[in-house]
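Peer 1: from the sequence below, what's the structure:
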Amino acid sequence: MLNNQKGNGMKKTLKLVALAAALAIAGAAAASAQQVKVGIAAEPYPPFTSPDASGNWEGWEIEFMKAMCAEAKLDCVVTPVAWDGIIPALTSKKIDMIIGSMSITAERLKTIDFSDKYYNTPTGIIGAKGDDIKPTPEGLAGKTIGVQVSTVHQAYAMKHFAPAGVEVKEYQTQDEANQDLAAGRVDAVQADAIALDAFLKSDQGKQCCDYKGEVAEDVDVIGPGVGVGLRKGETELKEKVNAAIKAIRENGTYDAFSKKYFDFDIYGG
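Peer 2: Numbers count the residues shown, from 1 in each chain. Purely as a prediction, here's the structure:
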């Protein structure tokens with residue numbers, strides 16, 4: 001009987017030691033996780049990022065961030081930043097990466113670096129219902145088009161549409177451009193087709209506007225896709241991010257959360 005009691009006591013002690021060791025290992029792993037501040041645009045950009053009623057950010061890109069960061073063993077903290085100041089925030093180390101539907105372009109690569117692409121979407125134009133405009137310089141001649149400032153859409157419109165006599169009106173947020181289109185203050189709006197589709201599905205969008213088509217391709221301006229923005233020279237972080245993107249694409253995680261938002265392959269060709 002005494003031996004049994006000693007044996008049971010020893011087993012309990014060993015279990016407690018094992019539990020303490022496991023907790024210590026878990027604590028050490030958590031402590032060693034690299035914390036990074038992830039910059040997103042402070043303004044809503046559905047279905048990619050938007051705050052819920054409690055102010056917590058949600059959307060496809062937030063789910064991508066969580067999956068990628070978990071795979072890369074990064075402790076990622078969402079940090080909203082005004083869009084036109086998000087690259088300066090990165091270069092000045094106020095944030096550590098950008099996950100904000102930022103297209104990889106030659107112009108931006110002069111200042112920052114990018115991961116491999118994590119999605120690609122067509123560039124489209126919407127306009128008022130019944131207005132027979134086309135997503136071409138000729139089809140928009142004499143019209144006014146709204147674009148968000150500091151985006152590839154602004155650069156594209158200035159390169160392709162402005163020389164054809166199209167007035168380009170710039171907005172701080174995509175929502176402001178959409179609101180002016182609905183109010184009749186601009187004739188068209190250019191943006192990522194997925195973001196435009198989200199507006200067209202809203203009550204306001206259904207009433208006022210429809211899709212006019214995709215613009216002609218210009219990879220030099222629009223880029224080959226969207227990547228995670230990173231500071232130049234941070235090779236180790238870039239390698240972690242790229243490996244994580246590849247892993248969640250291959251293990252099915254990427255497709256699993258994407259299906260909740262899209263009925264097509266957002267990754268693109």
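
Peer 1: tell me where the stretch 151-269 of the chain has strands.
Peer 2: Under the criterion DSSP state E, counting those that start in this stretch, the stretch 151-269 of the chain contains strands at 167-171, 188-192, 209-214, 226-230.

Peer 1: tell me the strands beside the longest one, with direction?
Peer 2: Looking at strand 209-214 with DSSP bridges, its partner strands are strand 123-128 (antiparallel).

Peer 1: so Cys209 touches Ile133, yeah?
Peer 2: No. Checked against C-beta atoms under 8 Å, the pair Cys209 and Ile133 is beyond contact range at 11.2 Å. C-beta: built from backbone N, CA, C; applies to glycine.

Peer 1: identify the bridge partners of Glu167.
Peer 2: Thr144.

Peer 1: quick one: contacts for it?
Peer 2: 143-145 (C-beta atoms under 8 Å, 6 or more residues apart in numbering).

Peer 1: which one of those residues sits in the busiest neighbourhood?
Peer 2: Neighbour tally across the contacts of Glu167 (other C-beta atoms under 10 Å): the maximum, 24 neighbours, falls on Ile145.

Peer 1: neighbours of the closest residue to it other than its chain neighbours, how many?
Peer 2: Spatially, and ignoring its direct neighbours in sequence, Ile145 is nearest to Ala188 (4.6 Å; C-beta to C-beta, 6 or more residues apart in numbering). Other residues near Ala188 come to 26 when the count uses other C-beta under 10 Å.

Peer 1: circling back to that earlier point, would you point to the one among the strands of the stretch 151-269 of the chain that's packed deepest?
Peer 2: strand 188-192 (a mean of 27; mean count of other C-beta atoms under 10 Å).

Peer 1: who are the packing partners of it?
Peer 2: Other helices and strands packing on strand 188-192, by 3 or more C-beta pairs under 8 Å, 6 or more residues apart in numbering; DSSP states H and E, are strand 123-128, strand 144-148, helix 152-156, helix 174-182.
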